[in-house]
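Peer 1: Quick one, what's the 3D model for this:
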Amino acid sequence: VQLQASGGGLVQAGGSLRLSCAASGFTLGYYAIGWFRQAPGKEREGVSFISSFGGSTYYADPVKGRFTISRDNAKNMVYLQMNSLKPEDTAVYYCAATLGSWSAPDYWGQGTQVTVSS
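Peer 2: Presented below is the predicted three-dimensional model:
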């Protein structure tokens with residue numbers, strides 16, 4: 001049973017990346033999914049969230065209008081499309097899944113590094 005985040009990399013400012021979060025061993029569709037990030041020396045922060053059937057989404061102010069979260073429950077996948085990337089988006093990005101509160105997600109992915117050069 002695990003979540004695996006992928007799709008990170010090095011990109012120039014203004015570029016785009018799409019992160020993927022794949023679930024194995026459980027049905028992702030029952031879970032709300034969140035993307036978090038942690039930059040060096042900073043606390044982990046929530047970036048974007050999507051409800052279990054995709055009806056509701058949330059974006060943190062720093063990424064609003066640039067990032068789009070989506071899910072394909074048939075493929076057991078969640079995505080984070082990141083456009084107009086900025087150097088301050090540089091961080092390790094994690095996906096997490098919860099049936100209840102975000103204070104204690106049920107599963108965490110291992111993280112994928114996103115580096116945006118200026």
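Peer 1: Contacts only, for the residue nearest to the spatial centre of the chain.
Peer 2: Taking Cα atoms, centre = their mean, the centroid of the chain lies closest to Trp35, which sits 2.8 Å from it. Contact analysis of Trp35 by Cβ atoms under 8 Å, 6 or more residues apart in numbering lists 19, 21, 46-49, 69, 80, 93-96. For glycine as for every other residue, the C-beta is placed from the backbone atoms N, C-alpha and C.
Peer 1: Now restrict those to buried residues only.
Peer 2: For those, a burial check counting by 16 or more other Cβ atoms under 10 Å picks out 19, 21, 47-49, 69, 80, 93-96.
Peer 1: could the contacts of Trp35 be laid out in TSV, adding pLDDT?
Peer 2: Below are the contacts of Trp35 laid out as TSV (pLDDT from 0 to 100):
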residue	pLDDT
Leu19	98
Cys21	96
Gly46	97
Val47	98
Ser48	98
Phe49	97
Ile69	97
Leu80	98
Tyr93	98
Tyr94	97
Cys95	97
Ala96	97
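Peer 1: Which of those residues fall in strands?
Peer 2: 19, 21, 46-49, 69, 80, 93-96 (DSSP state E).
Peer 1: Return the closest of the residues you listed with respect to Pro62.
Peer 2: Val47 (8.1 Å; Cβ to Cβ).
Peer 1: Go ahead and confirm the closest one touches Ala39.
Peer 2: No: with contact defined as Cβ atoms under 8 Å, Val47 and Ala39 do not form a contacting pair (11.3 Å).
Peer 1: Count the neighbours of the closest residue to Asn83 other than its chain neighbours for me.
Peer 2: Once flanking residues are discounted, Asn83 sits nearest to Ser16: 4.7 Å by Cβ to Cβ, 6 or more residues apart in numbering. By other Cβ atoms under 10 Å, 11 other residues sit near Ser16.
Peer 1: Surely Ser16 is in contact with Gln81?
Peer 2: Yes: the criterion here is Cβ under 8 Å, and Ser16 meets it with Gln81 at 7.2 Å.
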